[in-house]
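Asks: with the input below, show me the fold.
(chains A and B)
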Protein chains: 2
Amino acid sequence: MRTFSTIIASSTPIGRYLISRLSLRRSHAISVKPQASTPPMAAADASNEESLRRTLAEKQSAVDAQGNAVRALKAAKASKPDIDSAIESLNRLKLEKSSVERELQSVVSGSGGGASVNREAFRQTVFNTLERRLFFIPSFKIYRGVAGLYDYGPPGCAVKSNVLAFWRQHFVLEEDMLEVDCPCVTPEAVLKASGHVEKFTDLMVKDEKMGTCYRADHLLKDFGNEKLEKDLSLSAEKAAELRHLLAVLDDLSAEELGAKIKEYGITAPDTKNPLSDPYPFNLMFQTSIGPSGLIPGYMRPETAQGIFVNFKDLYYYNGNKLPFAAAQIGQAFRNEISPRQGLLRVREFTLAEIEHFVDPQDKSHAKFSEVANLEFLMFPREEQMSGKSAKRIPLGEAVSKGIVNNETLGYFIGRVYLFLTCLGIDKERLRFRQHLANEMAHYAADCWDAEIECSYGWIECVGIADRSAYDLHAHTEKSGVALVAQEKFSEPREVEKLVIAPVKKELGLAFKGSQKNVVEALEAMNEKEAMEMKAALESKGEVEFYVCTLGKNVCIKKNMLLISKEKKKEHQRVFTPSVIEPSFGIGRIIYCLYEHSFYTRPSKAGDEQLNVFRFPPLVAPIKCTVFPLVQNQQYEEVAKVISKLLKVAGISHKIDITGTSIGKRYARTDELGVPFAITVDSTSSVTIRERDSKDQIRVSLDEAASVIKAVTDGQTKWEDVWSSYPHHSSESADD
Amino acid sequence: MRTFSTIIASSTPIGRYLISRLSLRRSHAISVKPQASTPPMAAADASNEESLRRTLAEKQSAVDAQGNAVRALKAAKASKPDIDSAIESLNRLKLEKSSVERELQSVVSGSGGGASVNREAFRQTVFNTLERRLFFIPSFKIYRGVAGLYDYGPPGCAVKSNVLAFWRQHFVLEEDMLEVDCPCVTPEAVLKASGHVEKFTDLMVKDEKMGTCYRADHLLKDFGNEKLEKDLSLSAEKAAELRHLLAVLDDLSAEELGAKIKEYGITAPDTKNPLSDPYPFNLMFQTSIGPSGLIPGYMRPETAQGIFVNFKDLYYYNGNKLPFAAAQIGQAFRNEISPRQGLLRVREFTLAEIEHFVDPQDKSHAKFSEVANLEFLMFPREEQMSGKSAKRIPLGEAVSKGIVNNETLGYFIGRVYLFLTCLGIDKERLRFRQHLANEMAHYAADCWDAEIECSYGWIECVGIADRSAYDLHAHTEKSGVALVAQEKFSEPREVEKLVIAPVKKELGLAFKGSQKNVVEALEAMNEKEAMEMKAALESKGEVEFYVCTLGKNVCIKKNMLLISKEKKKEHQRVFTPSVIEPSFGIGRIIYCLYEHSFYTRPSKAGDEQLNVFRFPPLVAPIKCTVFPLVQNQQYEEVAKVISKLLKVAGISHKIDITGTSIGKRYARTDELGVPFAITVDSTSSVTIRERDSKDQIRVSLDEAASVIKAVTDGQTKWEDVWSSYPHHSSESADD
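Replies: All right, here's what the predicted structure looks like:
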């Protein structure tokens, strides 16, 4: 069986993309992101490391010099006391060097000593628990599996289904969004328009003899990280150069990556064979639609396009009114070159995406006041550039100060914060990081990622982007169907319109067969160009004009066209809406939730560590377990009655009638994150135990299901239940 | 824009497969299914048609003969009275012939006159409504769409999500099933083991000049249906031959289909070009996993395989106990050659599948008594073969009489019945049809399809099959991982085991290099063969034995092997579980639900027909609309308060504050199938209107949300609410 430990790469996450639209950045011009990919303290660490490398180099020189001195003394047959004293100095220097070496070692192997080791050990414990309890299963594992494909087993599937149900409740229902459900199979035309066919690529190199493929940036990253971590003799300058390379890796062209691979002499990791030059590999799974083999199609790399192509119908459905949002939950596919980071980077995953369409002239949000007072970790562009840390900013202030571009974007940041923390994501390990100017596509107005810290570092789990009118423009252009909105004026408005009227007779005489090209070029002038030409023609009578379809200048004379501005009455404004897009990587959120929910506590006997997932009832895979205290028919009958009541109340639960000790059964259920356990220890009343406090109350048989319903529905808190029912203490229970 | 009318084919549905495992029948040996594909009356119709064709042929002969007689009289210059009388006879015969012709016409164009026309008109009305209200949208329609791909628009998406939530409640939660969620991208090894790579094909022909592809059986079906419908001069014999062809179409080999296409001179429908011979086309969307291009993969054609390959882990998760069921909801993909029948046959669809694993020696079901008293339309094999109709049978009787193979299969039939009727499927248009012996795969123990009647005929929407141990066997064999269960005996049992011990020395001397083949063949004998050989060796001393790997007989002598039976103590029984598989085509169920829920009623003015979907609250896309009676700020405020209360109660709803008349707004909401409307006509109380009765009650403002919650949750019935609140009558309301 393939184990996870072999799949998890220890690479630092660059957090470059996860989802959807962001991933177009794979190939777009994006550049240095010095602080983004590492925790806030990294800047300090880096300068510390640099000074240590310098000190180490100095110590090494001193050791070398003293060594030479000792040898010189010996050669000169100096006195024994002189030689001994020189050797003593040498040993002192060596000790000093070792001490610096140790310090440097601890800095380079992950911010401060054992942290990185601890992180990996923690991750391994969580992983083993998740795999053993079937939260996930490597897909098709009896056939040795496929890298980057995982199944959700029963508890994982229940968690996922709870997260999605809450997402629907929190976003779709709360905001009256229009939910759609489009196919995964997508014809090429759609993904050509969106840019994926051309640009959704990673740079790949091949082992020239074996044909094995690698991601070019991964090889350089691994090389750089290993060098920095293991080669303590690396000069401060070389180390700085490598750190810079790692920071700009995402922005290097194929040629630049290739040159670096050659410069460092990097070869295929498995065989040490030479590598090909890097070349782009499209990450979409390709297929063919219909039997002819002539209609290329792809498995969608994101769900958003299905919404954009339906804009016209959805706008109509919404009564031709803005703003409105459409939403979609569904599978997306990325044929990763070599999947890493376990459950975080996979080849098929569930996305939940929202496209909120607004008038670009009005990005206010009616409900912004409801989130304005929220305060949480934000990491604006400026803080990142100046090497500072994320800081707590009230959302209202972030918008009013212009840190966040507009209210609608701010509203969604707030709603995403509420969504994630309700699921159980730790507030202290959640931050909203703004994209640097050079990370964003040219058309984007502003982008923020919800990043969650886990054992892999800060992981981008939700992207919230104001993509302006880019997507609707692109599909309008490629499909020929206008994806626009109208604002009807209450009374007609007078506007000035540019009119360019070529005089075809004169143009025909002058340009004959080329007349059409000239006319088209003239008509394509924008207002500024046209007004400049008008001025030039009026002053000089003629002007040189470049016609790109002819590839040359022509001479335009005053009698060849009329340029004027006319006043017109307009009854409406037609415009392409802007779109604000929160895009959720559901699998990543769930994985981070697993890590944030996991803890261990000693068994009562103290002889082992027991695993617990502290899932809130909202996401817990099962809400409640029912245990007859001992194997006996009466208790089992009671358990069945309670089970029936729980079913009627719609509460997912399990009965465990195995003869195992109650303590072991509690431990088993804690490890699945089940928040409550009902123990049947009489035929008239039962106990209810809360997972994290291990507190128990006693309730009558009839009440058991309704108490569980109240605390799992969120109508009541456990604390209130705890104060209203008699407590039960069972010394022997938790062993 | 592509409209639906061009996509819908008028073909009679064969109901041959829809889903999952059934579709392997596409290529498996299945044969004649005379009654299955047509409604029960079809047998009578067919014999009626045959006698009409004979009568028509006789009348035609009589007309021809009388025509000749008239011409003869004229030629012989007979007397005018004689000629007139002969012409009168001729005209009478012609009238009789016309009358028979009309009768035949009405029989062949769909059981009784206008029925087929009405069905198509009804379907068109439903379709137009569904498309106009965005229940569905042809996918990628701004790029001219792709045949067989549809989006669910907002109300369709809500209906789907309600159906799936109920499915989870009704099956997964109720039966404690283990739900899993596996990827769509599937490596070839898995689908080779399942048989899909080799057998999941349809036979295709190509237009030899244009390359256009057609399904071979579709061409023959269209040809046959058109001939039978339009060619009234077809002889009864020819007609019977065509009807037989249509009935056995599914069972014809490529060669037989090709021969028939040649015999009837069928050419490409669009161009009349000659056609290629039929050849198999695999219906899976193929792709490639990873960058090397060397790992073939497919988009899964069903979700079941993901469960089978995880059997071992799931069995362990269930405490190594049988029976248990696993379930999966997810997308499946079929690259249809030429999709027809609108939303019923598509290239990507949602399946919900259950694999219930049982001990083949015990297929009883603990909860069978809960469904045993259900009584509904069943269509057993015997009734189909003898041309009878489906009949109402109590489920308990069907199982006890052996009509349904076992209790577990029966239990699921009952649960499927409850599931479908709770959704709103009409009981009278739902039947469970048993597969004929020759429809089933050789390994299947029994199969029943839940068929729903809609405008396309009886459509297979759920398949419920006892597939025995086939799937687990296949994956055990191909993966080398034993997918088996154990029954531990309470005390060891003594069993007799066959022991075949080849004497290798003797065999080596006799067969030299072929020894290995001979030994393998000897060891592969089953008990019967071995005991026969033992007897033969004992009586004759030697015996001829066929070794298939050598392709010849060899002579086995008495001293070459020992055959005996030994008694052994066994502590457990190891066996491959049987699987009972209910498999739901969610899109088909939803489409049939649309048709069964749709009706029209005249507007109050009587000038138009208004459309209504009578969805039960469980599936209605929106549970409630809130209407301020007139546009005024006070009422709108009240509406907002109610909306907030509804949100808190988790009830999906919409506010409609447009100035349209209340009657029009009711009509709009009826057309979406919204069961309740709250109308704000004061600031202290509101009215609630029920969609189908149009009855209205008056409730106080605070009660509105809780009344709606009670009637949509199913806690209360509308009738009870109706009798507990003051009635409201508004003459002007429904206009």
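
Asks: from here on, contacts and neighbour counts on C-alpha atoms
Replies: OK.

Asks: show me which residues of the stretch 551-700 of chain A are close to chain B?
Replies: Residues of the stretch 551-700 of chain A lying close to chain B by Cα under 8 Å from any Cα of the partner chain are A:K647, A:G650, A:S652, A:K654.

Asks: same deal with the stretch 201-350 of chain A?
Replies: Counting by Cα under 8 Å from any Cα, the residues of the stretch 201-350 of chain A that sit close to chain B are A:211-213, A:281, A:285-292, A:306, A:309-310, A:313, A:317, A:335-338, A:348.

Asks: strands - which of these land there?
Replies: A:C213, A:F281, A:Q286, A:T287, A:S288, A:I289, A:E348 (DSSP state E).

Asks: what does A:P360 show for phi and psi?
Replies: phi -60, psi -20 (degrees, to the nearest 10).

Asks: that one is in contact with A:E487, isn't it?
Replies: No - counting by Cα atoms under 8 Å, A:P360 stays clear of A:E487, with 11.8 Å between them.

Asks: spit out the residues that contact those two alike.
Replies: Residues touching both A:P360 and A:E487 by Cα atoms under 8 Å, 6 or more residues apart in numbering or on different chains: none at all.

Asks: pick out the most distant pair among the ones in strands among the residues of the stretch 201-350 of chain A next to chain B.
Replies: A:C213 and A:I289 (27.5 Å; Cα to Cα).

Asks: neighbour count: those two, which is higher?
Replies: A:I289 (25 against 19; other Cα atoms under 10 Å in any protein chain shown).

Asks: partner residues bridging that one?
Replies: For A:I289, the beta-bridge partners under DSSP bridges are A:I295.

Asks: A:A501 too?
Replies: With DSSP bridges as the rule, A:A501 is bridged to A:L562.

Asks: could I get the CA-only coordinates of stretch A:449-468 as CSV?
Replies: Written as CSV, here are the backbone C-alpha positions of stretch A:449-468 (Å, rounded to 0.1, in the frame of the first residue of the first chain):
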residue,chain,number,x,y,z
ASP,A,449,-6.5,35.5,-0.4
ALA,A,450,-7.8,33.9,2.7
GLU,A,451,-4.7,32.0,3.8
ILE,A,452,-4.8,29.4,6.6
GLU,A,453,-1.6,28.3,8.4
CYS,A,454,-1.0,24.6,8.6
SER,A,455,2.0,22.3,8.8
TYR,A,456,2.8,23.2,5.2
GLY,A,457,2.9,26.9,6.0
TRP,A,458,0.3,29.6,4.9
ILE,A,459,-2.0,28.0,2.4
GLU,A,460,-4.2,29.9,0.1
CYS,A,461,-7.7,28.4,0.6
VAL,A,462,-10.1,31.1,-0.7
GLY,A,463,-9.3,33.7,-3.4
ILE,A,464,-11.4,36.9,-3.4
ALA,A,465,-10.8,38.9,-6.5
ASP,A,466,-12.3,42.0,-8.2
ARG,A,467,-11.7,40.9,-11.8
SER,A,468,-13.3,44.0,-13.3
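
Asks: hang on, the earlier thing: in PyMOL, select just the buried ones from the residues of the stretch 551-700 of chain A next to chain B.
Replies: The buried subset of those, as determined by 16 or more other Cα atoms under 10 Å in any protein chain shown, is captured in PyMOL by this line:
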select buried, chain A and resi 647+652+654
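
Asks: among the residues of the stretch 551-700 of chain A next to chain B, which are located in helices?
Replies: A:K647 (DSSP state H).

Asks: any chance of the residues of the stretch 551-700 of chain A next to chain B in a markdown table, with pLDDT too?
Replies: Output for those, formatted as a markdown table (pLDDT from 0 to 100):
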| residue | pLDDT |
| --- | --- |
| A:K647 | 88 |
| A:G650 | 86 |
| A:S652 | 91 |
| A:K654 | 92 |
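
Asks: which members of the residues of the stretch 551-700 of chain A next to chain B are the farthest-apart pair?
Replies: A:G650 and A:K654 (12.6 Å).

Asks: so A:P183 is in contact with B:G148, correct?
Replies: No - look at A:P183 against B:G148 with Cα under 8 Å: they stay out of range, at 10.2 Å.

Asks: and for the two, which residues touch both?
Replies: Common neighbours of A:P183 and B:G148 (Cα under 8 Å, 6+ apart) are B:E348.

Asks: look at the most centrally placed residue in chain A and give its secondary structure.
Replies: Per Cα atoms, centre = their mean, the C-alpha nearest to the average position across chain A is that of A:E460, at 2.7 Å. For A:E460, the assignment made with DSSP: H, G, I helix; E, B strand; the rest coil gives strand.

Asks: I'd say it and A:H435 touch.
Replies: No - assessed by Cα under 8 Å, A:E460 is found out of contact with A:H435, at 11.4 Å.

Asks: which residues do the two both contact?
Replies: A:D449.

Asks: what's the pLDDT at A:C548?
Replies: Note on A:C548: pLDDT of 82.

Asks: what's the burial count for it?
Replies: Neighbours around A:C548, by other Cα under 10 Å: 11.

Asks: let me see the contact set for it.
Replies: A:A521 are the contacts of A:C548 under Cα under 8 Å, 6+ apart.

Asks: can you tell me how far it sits from chain B?
Replies: Distance of A:C548 to chain B, given as Cα to the nearest Cα, to the nearest Å: 30 Å.

Asks: phi, psi of that residue?
Replies: According to degrees, to the nearest 10, A:C548 has phi -70, psi -30.

Asks: also A:S161?
Replies: Torsion angles, degrees, to the nearest 10, at A:S161: phi -70, psi -30.

Asks: still on that earlier bit, give me the beta-bridge partners of the residue nearest to the centre of chain A?
Replies: Counting by DSSP bridges, the residues bridging with A:E460 are A:E451.

Asks: the one 5 residues further on now?
Replies: Counting by DSSP bridges, A:A465 forms beta bridges with A:C447, A:E581.

Asks: burial measure for it, as a count.
Replies: 26.

Asks: what's the answer for A:E263, then?
Replies: Applying other Cα under 10 Å, I find that A:E263 has 9 neighbouring residues.

Asks: distance of it from chain B?
Replies: 25 Å.

Asks: do A:S479 as well
Replies: 6 Å.

Asks: quick one: low-confidence ranges for chain A?
Replies: A:1-46, A:109-115, A:730-735 (pLDDT under 70).

Asks: what's the domain layout of it?
Replies: A:42-110, A:493-575, A:622-728 (automatic domain parsing).

Asks: any idea which of these is most buried?
Replies: domain A:622-728 (a mean of 18; mean count of other Cα atoms under 10 Å in any protein chain shown).

Asks: so how far is that one off the chain centroid?
Replies: The chain centre lies 38 Å from the centre of domain A:622-728; the measure is Cα atoms, centre = their mean, to the nearest Å.

Asks: which stretches of the stretch 601-735 of chain A form strands?
Replies: A:609-613, A:624-628, A:653-655, A:676-680, A:685-690, A:696-700, A:727-728 (DSSP state E, counting those that start in this stretch).

Asks: how about whatever residue of the stretch 601-735 of chain A ends up closest to chain B: what's its closest non-neighbour residue?
Replies: Ranked by Cα to the nearest Cα, the top residue of the stretch 601-735 of chain A for proximity to chain B is A:S652, at 6.3 Å. The shortest distance from A:S652 to any residue other than its chain neighbours is 5.2 Å, reached at A:I622 (Cα to Cα, 6 or more residues apart in numbering or on different chains).
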